[in-house]
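Colleague: when you get a sec, could you give me coordinates for this:
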Amino acid sequence: MTCVEQMLIGKMDIVAGQALSRACRWRYPFNWTRPQWWEEISSEAALVVIELSRVTTLDMPTDITRCQNMIQNRLLRHYRRELAFNKYCGQQIDNEPTALQDPQQGEVQLDLQMAMNRLPERDRLLIQQLYWEKRTESQIAAEAGVSVPAICKRKKRILCHLRNILKNIEDERLIK
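Modeller: Numbers count the residues shown, from 1 in each chain. Predicted coordinates:
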């Protein structure tokens, strides 16, 4: 390792420390403890330092600030990913009842399955592709050789029909 590389790595540690001190002021995600979160972002910062230390063509004065921005941006991206995970997955696991805890959830799933079975095969396939396979309307339209608005109209018609079927199923249950 050359003297310049050693000096660069030494400056990188200082820069990473500055980025970490800024990141530790952020509110840590609820599914982490403070020490766990500190270890997580420290390892993320160390990973960026390692990646940047492999680049030997850096100009010292201008690229140190660029490196600090890169470290800070990586930490911020990681933080935002964790918050998104908490929003869409973590809170649901901790705060919302699951199908095992909520008996009505199982009934809703059975009703939906019964309603889906009453749909024509072509309509059922479209709903499955859109909502279970997470495909976009444009992907389905390209495969079918029709326009996206046609798929959108068909989806709206099917969902309206599905809603009516579900109301009928609920009415049948109330009559019994």
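Colleague: okay, now the unreliable bits of the chain?
Modeller: 1-12, 55-63, 88-106, 176 (pLDDT under 70).
Colleague: ok, now with 80
Modeller: Residues of the chain meeting the criterion pLDDT under 80: 1-16, 18, 20-32, 49-68, 83-109, 173-176.
Colleague: in three-state terms, label N31 for me.
Modeller: At N31, secondary structure determined by DSSP: H, G, I helix; E, B strand; the rest coil is coil.
Colleague: was I right about it contacting N86?
Modeller: Yes: taking contact to mean C-beta atoms under 8 Å, the distance of 6.1 Å between N31 and N86 places them in contact. C-betas here are computed from N, CA, C, even on glycine.
Colleague: quick check: buried residues in the longest helix along the chain?
Modeller: The longest helix of the chain (DSSP state H) is helix 148-175. Buried residues in helix 148-175, counting neighbours by 16 or more other C-beta atoms under 10 Å, are found at I151, R154, K155, I158, L162, I165, L166, I169.
Colleague: could you say what helices and strands it packs with?
Modeller: Applying 3 or more C-beta pairs under 8 Å, 6 or more residues apart in numbering; DSSP states H and E, we find helix 148-175 packed against helix 103-118, helix 121-127, helix 137-144.
Colleague: now do it and helix 103-118, the angle between them.
Modeller: Interaxial angle, helix 148-175 versus helix 103-118 (axes from the mean of the first three to the mean of the last three C-alpha atoms, to 10 degrees): 120 degrees.
Colleague: from the chain's centre, how far out does helix 148-175 sit?
Modeller: Counting by C-alpha atoms, centre = their mean, to the nearest Å, helix 148-175 is centred 29 Å from the centre of its parent chain.
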